[in-house]
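Engineer: Pasting a predicted model and its sequence here:
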Amino acid sequence: MASQLARTAFSIAALLLGAAQPAAAAIRVVATLPDVADMARQIGGDRIEVTTIATGAQDPHKVPVKPSFVTKLNRADALIVQGLGLEHAFLPALLEVASNPKILPTGPAYIDASVYIEPLDVPSSQNRAQGELHPLGNPHFNLDPVRGKQMVRAIAEGLARVDPEGAAAYRDGAARYTALLDEKIAGWQQLAAPLRGVKAVSYHEDLVYLADRYGIELVGTIETKPGVPATASHLAELVDTMKRDGATLVIREVAYEMPLAQTVAERSGARVVTIATLTGGLPDATTYATFIEANLQALLRALQSGTDG
Ligand SMILES: [Zn+2]
């Protein structure tokens, strides 16, 4: 009786499992951040099943660690990271307890989207100053879609390494997605023309690649340096610099507080504009391409109307 019951329960469970997994065992991919997650989906389609650790509205340097992440990492066939230390606040601790050697940085299923990126802002000395969050160079390269294509390449190659049977599919997926990005990049370049030469400050030092792409001139940050909060004297200096250089925008990243950005804007005569530093950080910008576009539109609206949109 008991064993029959167990058998019945077992077959029901098997049926449910079967129903939940229609495709032939998709590759289980964990992505640390929404940008690499969307890129992986664009490349891998139905071959992969992607779960993401952080949301686009979070500060990637301060993602709270949850036990559910450990379970996901433990069962993962592959891990995709943006890299250059961006996930340093949460990933090493999670990997330590996830008991999945193949997705450790030394493992075959660790896919690092930064391998083709030439980092900007690499510290000249190797001393990791207190509170310094960018010891390997600036890790926020996802804000530039041209560098985004280098991320796509690294992810596609990584997926092919983990799942060699799908190599052709990943190559095709990456080629299709890169062609789509190329088309959009050409449009964005024209769209962003009014941003060239605009002087701005950001809250955190995360806009260097965006600025590099579209010719925005960054004159400072509200933080004294990455991860180190503003001091009164730093803010006074920043406001002086902004006035002297004619900075017109305070670009506030969605994960950072508004009031301080507002104060800096008021004292310097600039305007605040909110943008995202990750896919999904702004409403409706849930894919990498819509995220890039939403940021540019927000910046342009702020330039044209003088409001935060
Ligand atoms: Zn940062």
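Structural biologist: It's in.
Engineer: contacts, neighbours, all on C-alpha from now
Structural biologist: Will do.
Engineer: burial count for Pro145?
Structural biologist: 23 (other CA atoms under 10 Å).
Engineer: Would you agree it is in contact with Ile292?
Structural biologist: Yes. With contact defined as CA atoms under 8 Å, Pro145 reaches Ile292; the gap is 7.1 Å.
Engineer: separation between Glu266 and Pro259?
Structural biologist: With the distance defined as CA to CA, to the nearest Å, Glu266 ends up 10 Å from Pro259.
Engineer: and those two? which has more neighbours close in?
Structural biologist: Glu266 (14 against 9).
Engineer: What backbone torsions are found at the more buried one?
Structural biologist: phi -60, psi -40 (degrees, to the nearest 10).
Engineer: again with Gly215
Structural biologist: Gly215 adopts backbone torsions of phi 80, psi 20, taken as degrees, to the nearest 10.
Engineer: same check, this time on Arg267
Structural biologist: phi -70, psi -20.
Engineer: Please apply the same query to Gln58.
Structural biologist: phi -90, psi 160.
Engineer: Any regions of this structure where pLDDT drops low?
Structural biologist: By pLDDT under 70, the low-scoring segments of the chain are 1-24, 125-131, 306-309.
Engineer: what packs against the biggest helix by length in it?
Structural biologist: Ranked by number of residues, the top helix in the chain under DSSP state H is helix 167-191. When contacts are defined as 3 or more CA pairs under 8 Å, 6 or more residues apart in numbering; DSSP states H and E, helix 167-191 packs onto helix 34-44, helix 145-162, helix 288-305.
Engineer: tell me which residues of that helix are tucked away?
Structural biologist: Within helix 167-191, the residues that count as buried by 16 or more other CA atoms under 10 Å are Ala167, Ala169, Tyr170, Arg171, Gly173, Ala174, Ala175, Tyr177, Thr178, Leu181, Ile185, Trp188.
Engineer: any idea how far the fifth one lies from Leu91?
Structural biologist: What that stands for is Gly173. According to CA to CA, Gly173 stands 27 Å off from Leu91.
Engineer: since we're on Gly148, how many residues are nearby?
Structural biologist: Other residues lying near Gly148 total 23 when counted by other CA under 10 Å.
Engineer: residues contacting it?
Structural biologist: Phe141, Asn142 (CA atoms under 8 Å, 6 or more residues apart in numbering).
Engineer: ok, Asp284 - how many residues close by?
Structural biologist: As a burial measure, Asp284 scores 11 neighbours (other CA under 10 Å).
Engineer: Spell out the secondary structure type for it.
Structural biologist: coil (DSSP: H, G, I helix; E, B strand; the rest coil).
Engineer: how much space between the closest residue in space to it that isn't next to it in sequence and Gln297?
Structural biologist: Nearest non-adjacent residue to Asp284, counting by CA to CA, 6 or more residues apart in numbering: Thr290, 7.7 Å away. In this view, Thr290 and Gln297 are 10 Å apart by CA to CA.
Engineer: next one: Ala31
Structural biologist: Using CA to CA, Ala31 is found at 27 Å from Gln297.
Engineer: These two: which is more packed in?
Structural biologist: Neighbours per residue (other CA under 10 Å) separate Ala31 from Gln297, with Ala31 holding more: 25 against 17.
Engineer: Please report the distance of the residue nearest to Asp284 from Tyr214.
Structural biologist: Shown here: Thr290 relative to Tyr214, a distance of 17 Å by CA to CA.
Engineer: before we move on, what about Leu79?
Structural biologist: In terms of CA to CA, Leu79 sits 31 Å off from Tyr214.
Engineer: ok, those two, which is more surrounded?
Structural biologist: For Leu79 versus Tyr214, neighbours defined as other CA under 10 Å are more numerous around Leu79 (27 against 21).
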